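# need coordinates for the below:
(chains A and B)
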Amino acid sequence: MAQEVRREIKPSSGFPAGKALAIARHTFREALRRKVLFAAIVFAVAAALSAWFLPAHDYSDKIRLVASICLGSSAFFATIVAIVIASTSIPKDLDQKLVYTVLSKPVSRVAFLWGKVLGYLMVVGLILAIMWLVSVGVMRATVARGKVMVTIVEPRGPAELSGLREGDIILAYNGVKLDSLAMLADVVSGAKPGDLVTLRVYKDGEERDVQLRISPERRGAFGLSSATLGGLGFDAAETKLCADKDIKPTELVFTGIEGRSVTTDPDESRVWMFDGGYGPNSVTAKFSNLLEEKLPPGDIRIAVKMEIRTSHVGKHVDDVPIAVLNPKTGKEEPFQHRLKGRTPSILSVGREYLSEDGSLQLRFVRDEPNVLFAVSRTDSFRVLLAPRSFELNLLRSFFVLFLQMVVVVAVASLGSTFLSGPVAMFLSFGVYICGNVMDFVETIAEKLKAGTYRIPGHTHGPVDTSLYEKQWLDDVASLVAKAYTYIFPDFRRFQTVESLVQGVVIPWRFVGIALVYALIYAVVCLAIGTLIFWRREVE
Amino acid sequence: MPDYNYAVRTEGLSKTFFTGWSRKRVEAVVDLDLQVVPGEVFGLLGPNGSGKTTTTKMLLGLLRPSRGKAWVLDRPADDVGIKHRIGYLPEESYLYRFLDAEETLDFYGQLFGLPRKERRRRASELIEMVGLEYARKRPLKEYSKGMARRIGLAQALVNDPDFVILDEPTSGLDPIGTKEIKDLITSLRDQGKTVLLCSHLLADVRDVCNRIAILHLGRLKVVGEVTKLLEVSEITQITAKSVNQQTQESARRILTEGGADVLTIEHPTTTLEDLFLKTIRGAGSGAGSSERNQT
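Next up, the predicted model:
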C-alpha cells in the first residue's frame, strides 16, 4: 500500500549554510550586474584620485590629506551602496514576486535573510577592497615623490636657519638622487665636518636647493650621528604614513641630588630639573619593552626632545651629561658626548646596552648649577622603530570601516524585512545620522542628569520652586537620551581617520572592540529581522 | 508506488485578507476541503480571483491559513524540508532577469543543494526539454513571455519533484507551446508524478486532467472526475462530419420515431465550458458576489 514505502525526506537542518551561501552568491552577482555599483566605485576612485591633485601646504600635510580623502570617500560610497542594496533588495524581491520561486524551494526564511545579508557584505567588501588598493596606490604615488623626509629640525640649528622644516622631503644630496634612507646615511657618513653640502628639497609644492654645513661637533663618535646634517633629523618618508614608529619609556624616574627620591606632580606634563634642594635633579628613562624583533637592525635610535635653559650668569653651559646603564656590569657608563641644548636629537645607543629582557635605561643629569632642563612626560624620549608599512595600517582602518558597514547593513536589512525599499532606505540613513551624533546626545544626557538645564542656584529673590520639582522630567529626558545611546549604533567606535592621518597605528584593542561591538549590534538587528521575516506572509 | 497517501489534503482551509487602512475583509478562500491523490493530474479551475493562487501559496507555505490546515505529501504545508520534493511554477514567471537560462537553473539547483555536476546535467536536460537551447546564454530580460514561461517550467522541474504545482502553465504560450506543455504534463503523469494544475483555460484542463475542482469566490463548487462531471446521461450527442440539411432532417425524423425528444441539432460547444459557466452563474445568483466584499 501507499504508506508502506517511505522514502527518506531530507529534514530541514537548523541553519542551512549551503543555501544561505547560494543566496549570498546570487545577491552578490545581482549587484555586480547592476550599473549603480560601478557608478559608485568609479566615483569613489575618482574622489580618491582627486586627492593627489589637491594643493597642500607641505608634504606631510599632503599625505594626511590624501589619507583622509581616501578613507572618507570610501566610507561615503560604501555607506551609500550598503544602505541602497540592503534596503531595497528584499522589498524588490517581494514586489517583483521573485521570492515565490525562491521560498517555494527548500530554503528557510532564515537562510534567505542571512544569505542576503552575507551577499550585501560581499558587495561592500569588494568596494572596500578596491578602495584600499586605490588608496594604497594614491598614497604610494604621493610618497614616491621622495623617500627621505625631515622629521626633526633642531631649533636655531643650521637646518632651521636654511629654511628646512619638518615634513620637507630631501630629494638629492650634492646632486646624487636619494633612493633610500640608508643611502643618505651613507653619503652623510662620508662627509667631513665643515663641508658645505647642497640638498635638493621638496617643500611647499616646489623643489629648491638648500645649502647646509656639516656640523663639526656632531661628526662620528658616540651618539647624535643622524643629526650631523646641521641639526637635522630625517627618516624614511613612509614613517609619516604609519605610526607605531616609536616606543615610549615605561617609566620616568625623577631623583634629587645624591639619589634622594623626590615626588613630582603627576598632573604636570613637564617636569623641570631645576634645583639641588627639594626638586628633581635628574631623570631616568626606563624602557622595559624593547623586544628584539620590534627593533630595526643596528644601533638603537632614541629621539630625545627636552628644553634646556641656562642662566645668564657664570659659565655658559647648555648641555646635559648622559649616562646609560650597562646591563652586564650593572653600572652606568657616561656618554662621551653630552646632550646639546639644541634638542631634539637622535642618540644612537649600541645594541650591547639592551638587556636580555628588553630593557634599556638612560639617565640625564643636571651637573651645572646654571643649567636647568624640562622633560615632557609624554614625548621627551622615544625609541624609534623601523617604519611599519602604512598599507597594513590602512588595511586595519578599512577593516574597521567594513565593521561599520556590517552595522549599517544589519540596520538596513532589518528595515527591509517589514518596510518598503524607499522607507527602509530613509530609516537606515536616519539611523546612520543618529549614530554619528552620539557625542552630542551623551552631553545632553549628562547635563540633564546634573540638572544643568534647570535654573542654576539662584539665591537672590524669590525662587520658583516648581522648576525644581520638575527634576523628574529631566530624569526622564535623561533616560530617553541614555536609551538613545544604547539603541542607535555608536559610530565613534569605528572612527579611524584621526589615527590614520596622525600616522598612529590603530591598536588591535580598538579593532577588537569595534569587531565585538559590530557583531553584537548586527546579530541583535538581524535576530529581530529574522523574527519579523519569519512571520511575514508573501503576498 | 508512491510513499504518500495524499499529495494534497486540506481541511477547512480558509484565508482572509485585510486590505487597506479600513482593514476591509476579503475572503479569498473559504473552508476548502480538498484531496489530491498520488499519480493524478488534478485541475483547479476558477475565474480570475477565485482563490486558486491563494490556495497554492498556502500549500507552499508562502501564506499562512487563517483557519484550517493543509498537508502536502502528508507533511504540514509550512515544512521547509518537504519542498525538496515539490516543483512550483508561479502564475507569472517571477525570475531573476539578469541571469541567463543556465545560470537560472543552476541557482535554483543550488537551492536544492544539488551538487555542481548534477546541476549542470539537469540544466542542459531541462533546457533541451523546454526547447530553449538557442537562448541558453541570453539573459532572461530579453526573453519573450512564452520563453520566460518555458524557463519557468524548467526551474519547477529542476529537482525532479514528485509533486508539481503548475499555476496557469500555458499563459502566454502559442498553440504549439500549449500543446507541448500538455504533452509534458501527460508525460509527468506517466512518470508517476502528481500534478496540480491551476487554470482558467478549460480546453487545457479537459485534455490532461483526471479530476477537477471548480472554485468560485473562494468556495469549492464542484469536485470530481472529468469524465463523470461532463457526462450527462440522459442526453446523447451525435457528432458527425459532412452532414447536409437533408440528412439532418432524416436523422431528426428517425430519432423522433424512436421516441427521442430532439432538443437541438447544432455544432457542439466545449462541454466543459458549459459546465464551468453553469457553475459560476449558478453560484453568482446565489450566495456569490455579495459575500465577496463583506466588511
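# so A:V197 makes contact with A:N174?
Yes: judged on C-beta atoms under 8 Å, A:V197 makes contact with A:N174 at a distance of 5.5 Å. Every residue, glycine included, has its C-beta placed from N, CA and C.
# so those two - more neighbours on which side?
A:V197 (16 against 12; other C-beta atoms under 10 Å in any protein chain shown).
# tell me how far the more buried one lies from A:S348.
Per C-beta to C-beta, to the nearest Å, A:V197 is found 21 Å from A:S348.
# over to A:S50?
42 Å.
# repeat that for A:L515.
Distance of A:L515 to A:S348, computed by C-beta to C-beta: 40 Å.
# equivalent analysis for A:I127, please.
46 Å.
# quick one, what contacts B:Y143?
By C-beta atoms under 8 Å, 6 or more residues apart in numbering or on different chains, the contact list for B:Y143 reads B:135, B:151.
# strand partners (parallel or antiparallel) of the host helix or strand of B:L220?
Per DSSP states H and E, B:L220 falls inside strand B:219-225. Strand B:219-225 has the following strand partners under DSSP bridges: strand B:211-216 (antiparallel).
# about what we covered before: name the residues contacting each of A:V197 and A:N174.
Joint contacts of A:V197 and A:N174 (C-beta under 8 Å, 6+ apart) do not exist.
# mean confidence for stretch A:281-298?
For stretch A:281-298, mean pLDDT is 77.
# residues in a beta bridge with A:L362, which ones?
Beta-bridge partners for A:L362, by DSSP bridges, are A:A285, A:V324.
# kindly report the same for A:V304.
For A:V304, the beta-bridge partners are A:S345, A:F381 (DSSP bridges).
# and A:I308, helix, strand or coil?
Assigned with DSSP: H, G, I helix; E, B strand; the rest coil, A:I308 falls in the strand class.
# how far away is it from A:F335?
Separation of A:I308 from A:F335 (C-beta to C-beta): 15 Å.
# before we move on, what about A:S162?
A:S162 sits 28 Å away from A:F335, going by C-beta to C-beta.
# okay, now the nearest residue to A:K328 once chain neighbours are set aside: neighbour count?
Spatial nearest neighbour of A:K328, chain neighbours left out: A:E352 (7.6 Å); criterion: C-beta to C-beta, 6 or more residues apart in numbering or on different chains. A:E352 sits with 9 neighbouring residues when counted by other C-beta under 10 Å.
# and the helix or strand where A:G415 lies, which residues are buried?
Per DSSP H and E: A:G415 is located in helix A:390-416. Buried residues in helix A:390-416, counting neighbours by 16 or more other C-beta atoms under 10 Å in any protein chain shown, are found at A:390-391, A:393-416.
# domains of chain A?
A:17-143+A:389-456+A:465-535, A:148-240, A:246-384 (automatic domain parsing).
# ok so, going back, show me what the helix or strand following the strand holding B:L220 is in contact with.
Elements were assigned by DSSP H and E; along the chain past strand B:219-225, the next helix or strand is helix B:226-230. Contact partners of helix B:226-230, identified using C-beta under 8 Å, 6+ apart, comprise B:43, B:205-206, B:209-212, B:222, B:271-272, B:275.
# send the alpha carbons of helix B:226-230 over as PDB?
Output in PDB follows, covering the C-alpha atoms of helix B:226-230 (Å, rounded to 0.1, in the frame of the first residue of the first chain):
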ATOM      1  CA  VAL B 226     -13.700  15.000 -15.500                       C
ATOM      2  CA  THR B 227     -15.400  12.200 -17.500                       C
ATOM      3  CA  LYS B 228     -18.200  11.800 -14.900                       C
ATOM      4  CA  LEU B 229     -18.700  15.500 -14.400                       C
ATOM      5  CA  LEU B 230     -19.200  16.100 -18.100                       C
END
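# run the chain-centre distance for it.
Offset of helix B:226-230 from its chain centre (C-alpha atoms, centre = their mean, to the nearest Å): 17 Å.
# do stretch A:73-81 as well
Here stretch A:73-81 is found 20 Å from its chain centre; the criterion is C-alpha atoms, centre = their mean.
# now the helices for the chain?
Chain wasn't specified; assuming chain A. A:17-32, A:35-53, A:59-95, A:99-103, A:109-143, A:158-161, A:181-189, A:390-416, A:421-434, A:438-450, A:465-469, A:471-487, A:497-502, A:508-535 (DSSP state H).
# wait, chain B was what I had in mind.
Using DSSP H, helices in chain B cover B:52-59, B:101-111, B:116-129, B:145-156, B:175-190, B:202-208, B:226-230, B:245-257, B:271-285, B:288-292.
# comparing those, which comes out most buried?
Ranked by mean neighbour count, the helices of chain B are led by helix B:52-59 with a mean of 26 (mean count of other C-beta atoms under 10 Å in any protein chain shown).
# is chain A contacted by that one?
Yes: if you take C-beta under 8 Å from any C-beta of the partner chain as the test, helix B:52-59 does meet chain A, through B:K57.
# so which residues make contact with that helix?
By C-beta under 8 Å, 6+ apart, helix B:52-59 touches A:100, A:538, B:8, B:10, B:13, B:15, B:28-29, B:32, B:34, B:44-46, B:63-65, B:70, B:72, B:77, B:88, B:91, B:165, B:167, B:196, B:198, B:215, B:218.
# only the buried subset of those residues, as a PyMOL command please.
Here is the PyMOL command that selects the buried residues among the contacts of helix B:52-59 (16+ other C-beta under 10 Å):
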select buried, (chain A and resi 100+538) or (chain B and resi 8+10+13+15+28+29+32+34+44+45+46+63+65+70+72+77+88+91+165+167+196+198+215+218)
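# in strands, which of the contacts of helix B:52-59 appear?
Residues of the contacts of helix B:52-59 located in strands (DSSP state E): B:8, B:10, B:13, B:15, B:28-29, B:32, B:34, B:44-45, B:70, B:72, B:88, B:165, B:167, B:196, B:198, B:215.
# can I get the helices of chain A in CSV including mean pLDDT and distance to A:D168?
Compiled in CSV, the helices of chain A are given as follows (pLDDT from 0 to 100; distance: least, C-beta to C-beta, whole Å):
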stretch, mean pLDDT, distance to A:D168
helix A:17-32, 89, 45
helix A:35-53, 84, 19
helix A:59-95, 86, 6
helix A:99-103, 88, 61
helix A:109-143, 89, 14
helix A:158-161, 69, 9
helix A:181-189, 65, 13
helix A:390-416, 91, 19
helix A:421-434, 93, 40
helix A:438-450, 79, 36
helix A:465-469, 57, 60
helix A:471-487, 82, 45
helix A:497-502, 74, 18
helix A:508-535, 93, 31
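# in a markdown table, list those helices along with distance to A:L291.
Listed next are those as a markdown table, based on distance: least, C-beta to C-beta, whole Å:
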| stretch | distance to A:L291 |
| --- | --- |
| helix A:17-32 | 41 |
| helix A:35-53 | 36 |
| helix A:59-95 | 28 |
| helix A:99-103 | 54 |
| helix A:109-143 | 27 |
| helix A:158-161 | 33 |
| helix A:181-189 | 22 |
| helix A:390-416 | 18 |
| helix A:421-434 | 41 |
| helix A:438-450 | 37 |
| helix A:465-469 | 59 |
| helix A:471-487 | 39 |
| helix A:497-502 | 22 |
| helix A:508-535 | 16 |
